[in-house]
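# 3D, please:
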Amino acid sequence: MYLNDTEYGYDDNKPQLCFAFEIKKYSDQRWEVRMHYNDQIDRDYYGSGVPKQNLPSWSPIRNSADLSSFDKYMFGGYSMFQNWIANTILKQRINKRGSIAMVVIPAKTPAYDYDPLMKQILAEQLPLFTVLMYIVPVFRFSYRMVAEKEQRSRESM
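Here you go, the predicted structure:
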């Protein structure tokens, strides 16, 4: 296949495709659609039309939405391309006028907020634990100083 060739994208005689699609009709109820899009992630991430496909769609580390990927799906032509294919299949299926309206709604995510338990610990408990942590070393230091004064060991030297 042209896209699987090892020289794809590296040879000027085999330029990169913008997009391609393949529709297989197995029955009236079963269709298979394959969309080939320029997602050469290792060569040109910012110029590709779709986000990186080898990364998971959700990250537990990120605290905000991945707007760059959303913009690529929204304005890179992918959504319109997918809607166009769905409308083509619909028209072949029902043999009448009909259309599927495309609406893109980003997934609602909860607002990022710090853990309330950690807020309480840092604001109220941390100073107490800091003081408690230094009680033993300060006690030992002051006890040894008082013991030294009582014994007058330095004064005799």
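# state which helix of this structure is the longest.
When the chain is parsed with DSSP state H, its longest helix is helix 126-151.
# buried set for that helix?
By 16 or more other Cβ atoms under 10 Å, helix 126-151 has no buried positions at all. In this view, the C-beta of every residue, glycine as well, is placed from N, C-alpha and C.
# could you give the mean pLDDT of it?
In this model, helix 126-151 carries a mean pLDDT of 91.
# make 34 the first number, not 1, from now on.
Renumbered: residue one is now 34, and that last one reads helix 159-184.
# now the residue nearest to the spatial centre of the chain. Its backbone dihedrals?
Closest to where the C-alpha atoms of the chain average out (Cα atoms, centre = their mean) is S92, at 4.3 Å. Note on S92: backbone dihedrals following degrees, to the nearest 10 are phi -120, psi 130.
# the closest residue in space to it that isn't next to it in sequence: neighbour count?
Spatially, and ignoring its direct neighbours in sequence, S92 is nearest to D99 (8.0 Å; Cβ to Cβ, 6 or more residues apart in numbering). D99: 15 surrounding residues under other Cβ atoms under 10 Å.
# for Y106, see how far away D99 is.
Separation of D99 from Y106 (Cβ to Cβ, to the nearest Å): 10 Å.
# which residues do the two both contact?
Listed contacts common to D99 and Y106 are P84; contacts here mean Cβ atoms under 8 Å, 6 or more residues apart in numbering.
# got the contact list for P139?
So P139 contacts 98, 103 (Cβ under 8 Å, 6+ apart).
# tell me if it really is in a helix.
No - applying DSSP: H, G, I helix; E, B strand; the rest coil, one finds P139 to be coil, outside a helix.
# from F103, how far off is it?
P139 is 6 Å from F103, by Cβ to Cβ.
# same question for G109.
10 Å.
# okay, now K105: neighbour count?
Count around K105 with other Cβ under 10 Å applied: 21.
# quick one: which helix or strand includes it?
Using DSSP states H and E, K105 maps to helix 100-108.
# return the distance of that helix from the chain's centre.
13 Å (Cα atoms, centre = their mean, to the nearest Å).
# identify each buried residue in it, please.
Result for helix 100-108 [16+ other Cβ under 10 Å]: buried residues 105-106.
# swap in stretch 151-159?
Under 16+ other Cβ under 10 Å, stretch 151-159 has no buried positions.
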